[in-house]
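A.B. asks: 3D model of this:
(chains A and B)
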2 protein chains.
Amino acid sequence: MKQFEKTINSKMIYDGRIVKLRVDEVELPDGSYSKREVISHQGAVGVLCIKDGQMIFVKQYRIASQQLLTEIPAGILESGEDPEKAAIRECQEEIGFRPLNLFKLGDFIPTPGYCSERITLFCATEFIWDPLEEDPNEFIKVVKIPLKTVRALFINGHFIDGKTVAALGYYFSIAAREYFVE
Amino acid sequence: MKQFEKTINSKMIYDGRIVKLRVDEVELPDGSYSKREVISHQGAVGVLCIKDGQMIFVKQYRIASQQLLTEIPAGILESGEDPEKAAIRECQEEIGFRPLNLFKLGDFIPTPGYCSERITLFCATEFIWDPLEEDPNEFIKVVKIPLKTVRALFINGHFIDGKTVAALGYYFSIAAREYFVE
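C.D. replies: Numbering: from 1, shown residues only, chains lettered A, B, ... in the order given. Predicted coordinates:
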């Protein structure tokens, strides 16, 4: 049985600034029907910034989870924008530094069950100070944490933002041999 | 300046099976106002299942990203449900095995910018065959991959489902010393 869902009907519910919501009627592989709530999102980038043995994070209040979260610098793609360009801009806006190198860690779909958002993750280790004005809707605080402390915090569940968990997981899985094995 | 957003007004847009969508008007730390699109979600669990040197995944078509994804067994919490109970049930439904041990890897909010969903991740290594009937809306295929192959695939960007990337990142960051350093 081929694993595919054929869209029979699609109803737009909401077309907003960050998300669009539609409800699709789909035909399932066995010929039965079901409804799927589908959120469209422009896509985003996140950058793990490592400078002078420290990782640079931003603290931001998130109303959806009603708490202040520690996250990697990140932001939404503008329409058709190249992820590398967005990654550079977001670093400049959020932490003031422009990354001079970008290494792609991976990309992922945070919640494929209902949302199209795809996040491309980078790591950067070389920077120059070249700030851009912050987004007027964002109030963020920059925090620097030594690499080994970040690893301990990560393993102990301190980071709960999805893109930050994904980026740190990639980084520590790849880097474990060189950096953390005595 | 205190990093907090005070909700002034909240308008419900859609109340569905998986997601609820509302638009909040909020007061920002500087006294200005903005709108926030907020999706509510019941929360979910995912389980990294390791049996006989292999990890057990499910392949599932995801309409939001229009592709077949390889994911860890997972599912949505029922109202007020204990995550461990949900984790056990989802394993039985999706792969047929009931986990006898559950080790918590961590939990995370995949997209805190607009959605409340929180996913609790577990790892299990001991199982008995005790299948439950599958969700009638799901068409999944079980796939087993040797541990070392999973690590190579992970680092090379094969896995793009958020909860799977998060679980593998936690697992390989924690387990790197014992399992993968010769």
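A.B. asks: Nearest the geometric middle of chain A, what residue?
C.D. replies: residue A:163 (3.9 Å; Cα atoms, centre = their mean).
A.B. asks: Which strand or helix spans that one?
C.D. replies: Residue A:163 belongs to helix A:162-175 when assigned by DSSP states H and E.
A.B. asks: buried ones in that helix?
C.D. replies: For helix A:162-175, the neighbour count (16 or more other Cβ atoms under 10 Å in any protein chain shown) marks A:162-175 as buried. C-beta coordinates here come from the backbone N, C-alpha and C atoms, glycine included.
A.B. asks: Please identify which of these is nearest to chain B.
C.D. replies: residue A:169 (1.4 Å; Cβ to the nearest Cβ).
A.B. asks: Not counting residues beside it along the chain, what's closest to that closest one?
C.D. replies: Counting by Cβ to Cβ, 6 or more residues apart in numbering or on different chains, the nearest residue to residue A:169 once its immediate chain neighbours are dropped is residue B:169, at 1.4 Å.
A.B. asks: ok, residue A:95 to residue A:77 distance?
C.D. replies: 19 Å (Cβ to Cβ, to the nearest Å).
A.B. asks: Which one's more surrounded, those two?
C.D. replies: residue A:95 (24 against 21; other Cβ atoms under 10 Å in any protein chain shown).
A.B. asks: I'd guessed that one sits against residue A:49; true?
C.D. replies: Yes. Using Cβ atoms under 8 Å, residue A:95 is in contact with residue A:49, at 6.5 Å.
A.B. asks: Quickly list what's touching both of these two.
C.D. replies: Each of A:56, A:73 lies in contact with both residue A:95 and residue A:49 under the rule Cβ atoms under 8 Å, 6 or more residues apart in numbering or on different chains.
A.B. asks: In this structure residue A:169 contacts residue B:174, no?
C.D. replies: No. Contact criterion Cβ under 8 Å: residue A:169 and residue B:174 do not qualify, at 9.9 Å.
A.B. asks: how about the helices in chain A?
C.D. replies: A:83-95, A:147-155, A:162-175 (DSSP state H).
A.B. asks: Include mean pLDDT when you put those into a markdown table, please.
C.D. replies: As requested, those are exported to a markdown table (pLDDT from 0 to 100):
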| stretch | mean pLDDT |
| --- | --- |
| helix A:83-95 | 97 |
| helix A:147-155 | 93 |
| helix A:162-175 | 93 |
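A.B. asks: so which of those comes closest to residue B:130?
C.D. replies: Set against residue B:130 and scored by Cβ to Cβ, the helices of chain A come closest in helix A:162-175, at 30.5 Å.
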